[in-house]
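Participant: next input, structure requested:
(2 chains)
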Amino acid sequence: GDQVEQSPSALSLHEGTDSALRCNFTTTMRSVQWFRQNSRGSLISLFYLASGTKENGRLKSAFDSKERRYSTLHIRDAQLEDSGTYFCAAGGAGGNNKLTFGQGTVLSVIP
Amino acid sequence: DPKIIQKPKYLVAVTGSEKILICEQYLGHNAMYWYRQSAKKPLEFMFSYSYQKLMDNQTASSRFQPQSSKKNHLDLQITALKPDDSATYFCASSQEGLGGVYFGPGTRLTVL
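Facilitator: Numbering: from 1, shown residues only, chains lettered A, B, ... in the order given. Alright, predicted model coming up:
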């Protein structure tokens, strides 16, 4: 089946620094969605992309429009409240919204 | 106000029993889904419904049965519960062809 490989699996950042999370798909995907899961377990949608890039505050995401097998989530000026588990999820080519999730990146922002 | 409501938030059940997980969405979406997250596996797709009809089923066991009584409801009935069914079950919804998928807060099920 479709595979989603997410890296790194864990990441520690000092406040104020920048970093990027990555997601590779073993096959061409129609879309990608990024989520943050907070300490209460809620899944918060950060971005949905069918192509190109989107930016929201200190977060920016890109989806490779050519091969459609790669996406990134950039975090700028990391803050303590950015801590959590980040998931990318790929939307398949079938036209439905079935998502295949990566294993997640556990992000810890430290003072 | 929460747009996707799941009840209950926590549920403890004994092996062999039956439970129903409730989901209602107030986003006006025409598609609804169930996903499961356990300690051993990443978030995994279970079912998708569109206009109250089953579109995709990735759950091997017939013990899991979705039930859609209204367009904005998709409950999940689980029978003959096993300890391995312990997980957080997320309901989600989307508008087909538009945008992304939105998730409810989850029901955390523990089977003893």
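Participant: alpha carbons only for contacts and neighbour counts from here, please
Facilitator: Will do.
Participant: show me which residues of stretch B:91-103 are buried.
Facilitator: B:91-96, B:100-103 (16 or more other CA atoms under 10 Å in any protein chain shown).
Participant: one more: stretch A:49-64?
Facilitator: In terms of neighbour count (16+ other CA under 10 Å), stretch A:49-64 has its buried residues at A:49-51, A:53, A:59-64.
Participant: stretch A:15-27 too?
Facilitator: A:15, A:21-25, A:27.
Participant: please apply the same query to stretch B:27-37.
Facilitator: Buried residues in stretch B:27-37 (16+ other CA under 10 Å): B:29-37.
Participant: restricted to strands, list the residues you listed.
Facilitator: Among the buried residues of stretch B:27-37, the ones falling in strands (DSSP state E) are B:31-37.
Participant: now the spatially closest residue to residue B:50 that is not a sequence neighbour: how far from residue B:17?
Facilitator: Here the nearest residue to residue B:50 in space, its sequence neighbours aside, is residue B:31; by CA to CA, 6 or more residues apart in numbering or on different chains that works out to 4.3 Å. Residue B:31 sits 29 Å away from residue B:17, going by CA to CA, to the nearest Å.
Participant: and the buried residues of stretch B:91-103, which two are furthest apart?
Facilitator: Comparing every pair within the buried residues of stretch B:91-103 by CA to CA identifies B:91 and B:96 as the most remote, at 15.7 Å.
Participant: check contacts around residue A:67.
Facilitator: Listed by CA atoms under 8 Å, 6 or more residues apart in numbering or on different chains, the contact set of residue A:67 reads residue A:28.
Participant: returning to what we had before: so which of the buried residues of stretch A:15-27 comes closest to chain B?
Facilitator: residue A:23 (14.4 Å; CA to the nearest CA).
Participant: how close does the nearest residue to residue B:34 once chain neighbours are set aside sit to chain A?
Facilitator: Of all residues not flanking residue B:34 in the chain, residue B:91 sits nearest, at 4.6 Å (CA to CA, 6+ apart). Going from residue B:91 to chain A by CA to the nearest CA, to the nearest Å gives 11 Å.
Participant: tell me which element residue B:91 is part of?
Facilitator: strand B:87-95 (DSSP states H and E).
Participant: what packs against that strand?
Facilitator: The contact analysis (3 or more CA pairs under 8 Å, 6 or more residues apart in numbering or on different chains; DSSP states H and E) places strand B:87-95 against strand B:4-7, strand B:31-37, strand B:98-103, strand B:107-111.
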